[in-house]
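Participant: Here is my input; please provide its structure:
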Amino acid sequence: MRDKSLDDSPGEDRKSQRAQSDRSNMRRCPDTTTLGAVRLCVFALALALPLAPLHAQEGSKPSPSQPARLAPNDPAWQRYEVNQTFQGGVYFKDNNIWTYDKDFADLFGMPAKHIEAIEGAAAAAYRIEEASFQDCGWGGQPDVCRRVEYCYLDLYFDEAKTPLPWATEHTRYAWVPNYGSVRWLKPQHRNEKPRTLNAAETPPGIVRALVGSPLIAFADPQTKLEAFFTTNQYIDKGPGDSGAPAILGYSREFYRSLSVVSLQMGCTPFGRKSIDLKLNAKKQIFGDPVARFNQVRLPEGFVQRIKDAINARRQRNSEFYRGLLDARVKLVSADAADPKQTPQGQPPTLTYRAMLELGSRHLVSAATGEKLGLSPGMLVSAEIHQGRRTVLEYLLSPVSKTLQEAARER
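Facilitator: Residues are numbered from 1 along each chain as shown. Sure, this is the predicted structure:
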């Protein structure tokens, strides 16, 4: 408590008494192990100590080895480039891969290096998140587990430029929790269908499409048919859709005229240089659109950064069950075939089919050392050794091949 005698002392006497009172309070901290008392004492000490200035004094320069930290109430702290720069202390680091236009970058202080020609949207953010549960039981061992990861894409729309066809005027905000304990609660009987976190609530008057998205955010204002996003992520070339990413969240005009939609994307590698996402009202994923609305094209630089992240994830996951097995070639096909059935007009990829006999039925995990049992459906990368040769033989092989074929008749 504050000493009332301090209020009756003028000028320097009051300062002197206050300092003596502060020192006395510091000495009167109870010598106790009670947690509440310790916290109270620490709080009293903090009040007694002089406050450090939030900003450096005029004319002073920060040390090069210790950059000056901005105060939390400094407006510049809200800029992305500032709060995502290491300044000597602990901070939350963004794990998203970003692309955006110049207006979005100027609004939030984003780095200029990721300003790209994104079409149909103001910004996009892609990330890979690890789930709170794991895949267990690999190799017949209950404790051999592999982590589970999901990939998400957030699309930001400036509705002053590209309005969205919201399902109703009351459609404002919804977000599906990533994980919850209800996931593990199964019905007692097969004919029971309890509502879960992914049960979509159909807005009044809206006709559901055959998609099964957790949330219904958009619809055609004329037919009231649900509208959803489709993507060509897994089609290497040409038009078409490879699937419909589920809508996991949305926030309508969360800041000024900006709205955000969160989609669950695939985490497997793909070959496209750019990705298109279309928002159309359709009865099913691969059907004809009843009404067309927004179309987003993600730029090539952004897509390449996504590919790099997916390949890095694939490399990490491969360490879980990577190993080498000896095998013996039992059979090689007499003729080469085109397993991909290349369309006409393009050169086919001819390969020979081989049958291998494995020397073991188990693979030793490089990550855990556990023996993992092999099962049908696993991917295999095989190298067939045809013999040995020296470096000189390898370098002279083109010349040797030419000499062997020089006197042949065709």
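Participant: which stretches of the stretch 201-350 of the chain form helices?
Facilitator: For the stretch 201-350 of the chain, helices defined by DSSP state H, counting those that start in this stretch occupy the ranges 300-318.
Participant: For residue 252, give me its contacts.
Facilitator: By C-beta atoms under 8 Å, 6 or more residues apart in numbering, the contact set of residue 252 is 164, 166, 171-173, 259. C-betas here are computed from N, CA, C, even on glycine.
Participant: Not counting sequence-adjacent ones, nearest residue to the spatially most central residue of the chain?
Facilitator: For the chain, the residue nearest the mean C-alpha position is residue 127 (1.5 Å; C-alpha atoms, centre = their mean). Among residues not flanking residue 127 along the chain, residue 96 sits closest, at 4.6 Å (C-beta to C-beta, 6 or more residues apart in numbering).
Participant: Just give the number of residues close to the one you found.
Facilitator: 12 (other C-beta atoms under 10 Å).
Participant: what element comes up after the host helix or strand of the residue nearest to the centre of the chain heading to the C-terminus?
Facilitator: Here residue 127, judged by DSSP states H and E, is contained in strand 123-136. Counting by DSSP H and E, the next helix or strand C-terminal to strand 123-136 is strand 145-158.
Participant: That next one: which residues count as buried?
Facilitator: 146, 150-158 (16 or more other C-beta atoms under 10 Å).
Participant: Which strands or helices does that strand pack on?
Facilitator: Secondary-structure packing of strand 145-158 (3 or more C-beta pairs under 8 Å, 6 or more residues apart in numbering; DSSP states H and E): helix 102-108, strand 123-136, strand 258-265, helix 300-318.
Participant: Pull the contacting residues for residue 174.
Facilitator: Per C-beta under 8 Å, 6+ apart, neighbours of residue 174: 215, 217, 249-250.
Participant: Show me the strands paired with the helix or strand hosting it, marking each as parallel or antiparallel.
Facilitator: Secondary structure from DSSP H and E places residue 174 in strand 173-175. In the sheet, strand 173-175 lines up against strand 246-255 (antiparallel) (DSSP bridges).
Participant: give me phi/psi at residue 182?
Facilitator: Backbone torsions of residue 182, given as degrees, to the nearest 10, read phi -60, psi -20.
Participant: Number the residues from 21 up from this point.
Facilitator: All right, first residue 21 from here; so that's residue 202.
Participant: In space, what's closest to residue 325 - neighbours in sequence excluded?
Facilitator: Distance criterion C-beta to C-beta, 6+ apart; nearest residue to residue 325, sequence neighbours excluded, is residue 117 at 4.9 Å.
Participant: just to revisit the earlier point, what is the nearest of the contacts of residue 194 to residue 100?
Facilitator: The closest of the contacts of residue 194 to residue 100 turns out to be residue 269 (C-beta to C-beta; 20.7 Å).
Participant: Look up how far residue 275 lies from the closest one.
Facilitator: Per C-beta to C-beta, to the nearest Å, residue 269 is found 15 Å from residue 275.
Participant: Compare these two (neighbour count), which wins?
Facilitator: More crowded of residue 269 and residue 275, by other C-beta under 10 Å: residue 269, with 20 against 11.
Participant: That one touches residue 235, doesn't it?
Facilitator: Yes - Residue 269 is within contact range of residue 235, at 7.0 Å (criterion: C-beta atoms under 8 Å).
Participant: any shared contact partners between these two?
Facilitator: What both residue 269 and residue 235 touch, as defined by C-beta under 8 Å, 6+ apart, is the set 194, 196.
Participant: so how far is the first residue of stretch 179-194 from its last?
Facilitator: 18 Å (C-alpha to C-alpha, to the nearest Å).
Participant: got a pLDDT number for residue 82?
Facilitator: On pLDDT, residue 82 comes in at 44.
Participant: Quick check: which ranges of the stretch 171-320 of the chain have low pLDDT?
Facilitator: Within the stretch 171-320 of the chain, the segments meeting pLDDT under 70 span 210-220.
Participant: out of the contacts of residue 272, which is most surrounded?
Facilitator: Busiest of those [other C-beta under 10 Å] is residue 279, holding 24 neighbours.
Participant: ok so, going back, hey, what's the residue nearest to the centre of the chain bridged with?
Facilitator: Taking DSSP bridges as the rule, residue 147 bridges to residue 172.
Participant: Can you classify residue 101 as helix, strand or coil?
Facilitator: The assignment at residue 101 comes out as helix when based on DSSP: H, G, I helix; E, B strand; the rest coil.
Participant: Just give the nearest non-adjacent residue to it, would you?
Facilitator: Once flanking residues are discounted, residue 101 sits nearest to residue 129: 5.2 Å by C-beta to C-beta, 6+ apart.
Participant: swap in residue 303?
Facilitator: Once chain neighbours are set aside, the closest to residue 303 by C-beta to C-beta, 6+ apart is residue 229, at 5.6 Å.
Participant: Next: residue 273.
Facilitator: For residue 273, the closest residue by C-beta to C-beta, 6+ apart turns out to be residue 279, at 5.5 Å.
Participant: That neighbour touches residue 238, doesn't it?
Facilitator: No - Residue 279 is beyond contact range of residue 238, at 10.9 Å (criterion: C-beta under 8 Å).
Participant: what touches both of those two?
Facilitator: residue 184.
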